[in-house]
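Peer 1: only the shape, not the letters, is given here:
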């Protein structure tokens, strides 16, 4: 019963964290891509 009562708060707390991690992941990937393209253009 404790797992059932504990699940809603944890999911509510985890959802924004997962969204933030995904956003950070895409942001870092974009930064790396831009840096990689910039280096290719320089050389």
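Peer 2: Arrived safely, thanks for sending. Not measured: the values here are computed from a predicted model.
Peer 1: what about residue 41, which helix or strand?
Peer 2: Counting by DSSP states H and E, the element that carries residue 41 is helix 2-42.
Peer 1: which residues of this protein score low on pLDDT?
Peer 2: Within the chain, the stretches with pLDDT under 70 are 1-10, 43.
Peer 1: mind doing that once more with 90?
Peer 2: The model of the chain has pLDDT under 90 over residues 1-20, 37-43.
Peer 1: what about residue 20, neighbour count?
Peer 2: 10 (other Cβ atoms under 10 Å). To be clear about C-beta, it is placed using only N, CA and C from the backbone, and glycine gets the same treatment.
Peer 1: swap that for residue 33, please
Peer 2: Residue 33 has 10 neighbours, counted by other Cβ under 10 Å.
Peer 1: before we move on, the earlier item: which secondary structure elements does the helix holding residue 41 contact?
Peer 2: For helix 2-42, not one helix or strand is in contact under the criterion 3 or more Cβ pairs under 8 Å, 6 or more residues apart in numbering; DSSP states H and E.
Peer 1: off-centre distance for it?
Peer 2: Using Cα atoms, centre = their mean, to the nearest Å, the mean C-alpha position of helix 2-42 is found 0 Å from that of the whole chain.
Peer 1: same question for stretch 35-43.
Peer 2: Distance, stretch centre to chain centre, for stretch 35-43: 25 Å (Cα atoms, centre = their mean).
Peer 1: ok, and for that stretch, which residues are buried?
Peer 2: For stretch 35-43, burial by neighbour count (16 or more other Cβ atoms under 10 Å) applies to no residue.
Peer 1: now stretch 14-34
Peer 2: Within stretch 14-34, no residue counts as buried by 16+ other Cβ under 10 Å.
Peer 1: renumber starting at 823 from here on
Peer 2: Sure, I'll start counting at 823 from here, so that last one is stretch 836-856.
Peer 1: show me what it is in contact with.
Peer 2: Stretch 836-856 is contacted by no other residue when judged by Cβ atoms under 8 Å, 6 or more residues apart in numbering.
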